[in-house]
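Undergrad: structure, please.
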Amino acid sequence: MSATFEVINPASGRPVASAPDNGPAEARQAAARAVAGFGHWRRTTAYERSAVLRAWASALLAREVEIARLMAQEMGKPVTEARGEVRYAVSFVEWYAEEAKRVYGETVPSQAAHKRILVQSQPVGPVYAITPWNFPAAMITRKAAPALAAGCSIVLKPAEQSPLTAMHLAELWVASGGPPDVFQVLPTSNPGAVSEVFFDDPAIRKLSFTGSTEVGVRLAAQAAKTMKRVSLELGGHAPFLVFADADIESAVREVLASKFRNAGQTCVCANRIYVHDAVHDAFVERFAAAVAALRVGDPLDEATQIGPLVDAQGLDKVRAHVDDALERGATAVVGGSAGEGLVFCPTVLTGVAPGMRILEEETFGPVAPIIRFEADEEAVRQANDTPYGLAAYLWTRDLSRAFRVAEALDYGIVGVNDGLPSAAQAPFGGVKMSGVGREGGKWGIEEYLNLKFISMAL
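TA: Have a look, this model is predicted:
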């Protein structure tokens, strides 16, 4: 492999490094190695797999600073956030190192005295995984750790913007005693041609994808040709409902954490903020002050809270959403325009109303649109009025309301007074056009297991 492509630092616009530019020939070789690797990895004991995963977790944690700086350079995440992501990524490896030993079978009572019914869980087979640029480490371990724990081999295609972290994680896997054919990373600047090899290969038995809904729908159709198992974590359009009884200080803190981490470039970021009329003005005043105080700068600077967007395409989309809202009558209380390079200034919009693009599409940027509401039912109806259903949030001190609204919101994840609900031991995933399947917890490893029914006559 001699072809390479440059990885660009979105903060400086300069190359960080070059990555191997794999094509269909390399993809076919990787698929063949994954099939061979699966043949021996599936025969290892759960305890052997667990030991390698534990060693990998320790190696990742020991390189926390190094990996964080790499992420900050290749996709612009503030380095303090990036260190938190490394720890979050490690939590999945640690969790599934233990779950490997908890893949249980069952015996089922038979209707016939001379028969015994057994149910076994077995690894689904070689996996092809595609990860996005916004969480270059955590999106990898959230897929690779359960796959490896279950006994699957995995080939991972990282996003073109952030392959360096993925390559480093694969190097640490091998350094930790992991077989190189069992976890492979395949960077490429031509993802369609590379992915087609895996979709056409019937020996690749599973697809795991995190990315946009549009791409996910297309990949699911391609995977159907060979009836692969599919897990899709797709786009979101998360609402955050702030009710009249909210503690304003706490609500501002949780909305801020949900909206502005990674410069708003996460699929679970609050994308629509519904605030009850009784507390709207007080909330906007304090929230605007908090947003205005966010520090924008170089991702490698410890003081930076908001870095650049990942590329020009992302910046153009954010700018278009804000311009459309302003043209249709919204007001920018804070921000409202682009800064230097790929930076978009943290923005708060009020007077946001139906018909604006920002209420219909995922913005993926540091923009907080605020919408007034009066009745609980109205807020829930508007929150659910979207084809997406990944994450939703609410703030209330009323226990009855918390249960009623959490149960009524048509989303896979609901944070009640909690703007950051993700955890390795919990199921992460959405409903409707936000995908199928779950990552995390005991549910995450089940995505990589098939059930086998054995009926034995004595």
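
Undergrad: next one: stretch 34-42 to chain centre, how far?
TA: Taking Cα atoms, centre = their mean, to the nearest Å, the mean C-alpha location of stretch 34-42 is offset from the chain mean by 27 Å.

Undergrad: which positions in that stretch come out as buried?
TA: Within stretch 34-42, the residues that count as buried by 16 or more other Cβ atoms under 10 Å are 34-35, 37-38, 41-42. From N, CA and C alone the C-beta is placed, and that goes for glycine too.

Undergrad: send me that stretch as PDB with only the CA atoms.
TA: Once side chains and other backbone atoms are set aside, the C-alpha atoms of stretch 34-42 remain, and they are given as PDB (Å, rounded to 0.1, in the frame of the first residue of the first chain):
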ATOM      1  CA  ALA A  34     -11.100 -11.200   9.000                       C
ATOM      2  CA  VAL A  35     -12.600 -14.500   8.000                       C
ATOM      3  CA  ALA A  36      -9.500 -16.400   8.800                       C
ATOM      4  CA  GLY A  37      -9.100 -14.400  12.100                       C
ATOM      5  CA  PHE A  38     -12.700 -15.200  13.100                       C
ATOM      6  CA  GLY A  39     -12.000 -18.900  12.600                       C
ATOM      7  CA  HIS A  40      -9.400 -18.900  15.500                       C
ATOM      8  CA  TRP A  41     -10.700 -16.000  17.600                       C
ATOM      9  CA  ARG A  42     -14.200 -17.600  18.000                       C
END
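
Undergrad: contacts for it?
TA: Under the contact criterion Cβ atoms under 8 Å, 6 or more residues apart in numbering, stretch 34-42 has outside partners 49, 122-123, 125-127, 148, 151-155, 179, 181-182, 184, 203-204.

Undergrad: show me those residues that map onto strands.
TA: Secondary structure assignment by DSSP state E places 122-123, 127, 154-155, 184 of the contacts of stretch 34-42 in strands.

Undergrad: which residues touch I204?
TA: Applying Cβ under 8 Å, 6+ apart to I204 gives the contacts 31, 34-35, 125-128, 155, 198, 226, 228.

Undergrad: again but with N22, I slipped
TA: For N22, the residues meeting the contact criterion (Cβ under 8 Å, 6+ apart) are 1, 30, 186-188, 194.

Undergrad: could you turn the buried ones of the residues you listed into a PyMOL selection?
TA: This is the PyMOL syntax for the buried subset of the contacts of N22, where burial follows 16+ other Cβ under 10 Å:
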select buried, resi 30+186+187+188+194
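
Undergrad: out of the contacts of N22, which is nearest to G341?
TA: Out of these, the one with the shortest distance to G341 is P187. That distance is 24.4 Å, counting by Cβ to Cβ.

Undergrad: I'd assumed A19 was in contact with the closest one.
TA: Yes - using Cβ atoms under 8 Å, P187 makes contact with A19 at a distance of 4.2 Å.

Undergrad: can you work out which residues contact both of these two?
TA: Shared contacts of P187 and A19 (Cβ under 8 Å, 6+ apart): 5, 163, 167.

Undergrad: give me the buried positions along the longest helix that the chain contains.
TA: Taking DSSP state H as the criterion, the chain has its longest helix at helix 79-99. Applying a neighbour-count criterion of 16+ other Cβ under 10 Å, one finds 79, 81-86, 88-97, 99 buried in helix 79-99.

Undergrad: relative to A408, which of the shared contacts of P187 and A19 is nearest.
TA: Taking Cβ to Cβ as the measure, P163 is the one of the shared contacts of P187 and A19 closest to A408, at 41.3 Å.

Undergrad: give me the number of residues near the closest one?
TA: Here the number of neighbours of P163 (other Cβ atoms under 10 Å) works out to 29.

Undergrad: re the thing from before, looking at the shared contacts of P187 and A19, which is nearest R381?
TA: P163 (42.4 Å).

Undergrad: quick one: residues contacting that closest one.
TA: Shown here is P163, whose contacts under the criterion Cβ under 8 Å, 6+ apart are 7, 19, 74, 185, 187.

Undergrad: how about the last one, what does it touch?
TA: This points to P187. So, once contact is read as Cβ under 8 Å, 6+ apart, P187 ends up touching 5, 19-22, 157-158, 160, 163, 166-167.

Undergrad: how far away is the closest residue to it other than its chain neighbours from C267?
TA: Nearest-residue entry for P187: P163, 3.7 Å, with adjacent residues in sequence omitted and distances by Cβ to Cβ, 6 or more residues apart in numbering. Computed as Cβ to Cβ, to the nearest Å, the P163 to C267 distance reads 20 Å.

Undergrad: now do E94
TA: Distance of E94 to C267, computed by Cβ to Cβ: 23 Å.

Undergrad: likewise G177?
TA: Note on G177: its distance to C267, by Cβ to Cβ, is 33 Å.

Undergrad: what are the boundaries of the strands in the stretch 1-150 of the chain?
TA: For the stretch 1-150 of the chain, the strands defined by DSSP state E, counting those that start in this stretch cover 4-8, 15-20, 106-108, 115-123, 127-130.

Undergrad: redo these as CSV? Include mean neighbour count.
TA: Formatted as CSV, the entries for the strands of the stretch 1-150 of the chain read as follows, by neighbours: other Cβ atoms under 10 Å:
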stretch, mean neighbour count
strand 4-8, 16
strand 15-20, 16
strand 106-108, 10
strand 115-123, 15
strand 127-130, 27
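
Undergrad: ok, which of the ones you listed comes nearest A375?
TA: Sorting the strands of the stretch 1-150 of the chain by Cβ to Cβ, the top spot, which is the nearest, belongs to strand 127-130 at 41.8 Å.

Undergrad: just the residues contacting the closest one, thanks.
TA: Strand 127-130 is touched from outside by 31, 34, 140, 143-144, 147, 152-157, 191, 195, 198-199, 204-211, 219, 448, with contacts defined as Cβ under 8 Å, 6+ apart.

Undergrad: re earlier: nearest to M456 among the contacts of I204?
TA: Sorting the contacts of I204 by how near they are to M456, with Cβ to Cβ, puts G125 at the top with 24.5 Å.

Undergrad: hang on, that closest one packs against L207?
TA: No - distance between G125 and L207: 11.4 Å, which falls outside the contact criterion (Cβ under 8 Å).

Undergrad: name the SS class of the closest residue in space to E361 that isn't next to it in sequence, please.
TA: The shortest distance from E361 to any residue other than its chain neighbours is 7.0 Å, reached at H321 (Cβ to Cβ, 6+ apart). For H321, the secondary structure call by DSSP: H, G, I helix; E, B strand; the rest coil comes out as helix.

Undergrad: I figured H321 hits F364, correct?
TA: No - no contact is recorded between H321 and F364 when judged using Cβ under 8 Å, the distance being 9.3 Å.

Undergrad: now the contacts of P187 in a markdown table, with distance to D410 and pLDDT?
TA: Conversion of those to a markdown table gives the following (distance: Cβ to Cβ, whole Å; pLDDT from 0 to 100):
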| residue | distance to D410 | pLDDT |
| --- | --- | --- |
| F5 | 40 | 97 |
| A19 | 39 | 97 |
| P20 | 42 | 97 |
| D21 | 42 | 98 |
| N22 | 40 | 98 |
| K157 | 31 | 98 |
| P158 | 31 | 98 |
| E160 | 33 | 97 |
| P163 | 35 | 98 |
| A166 | 33 | 98 |
| M167 | 39 | 98 |
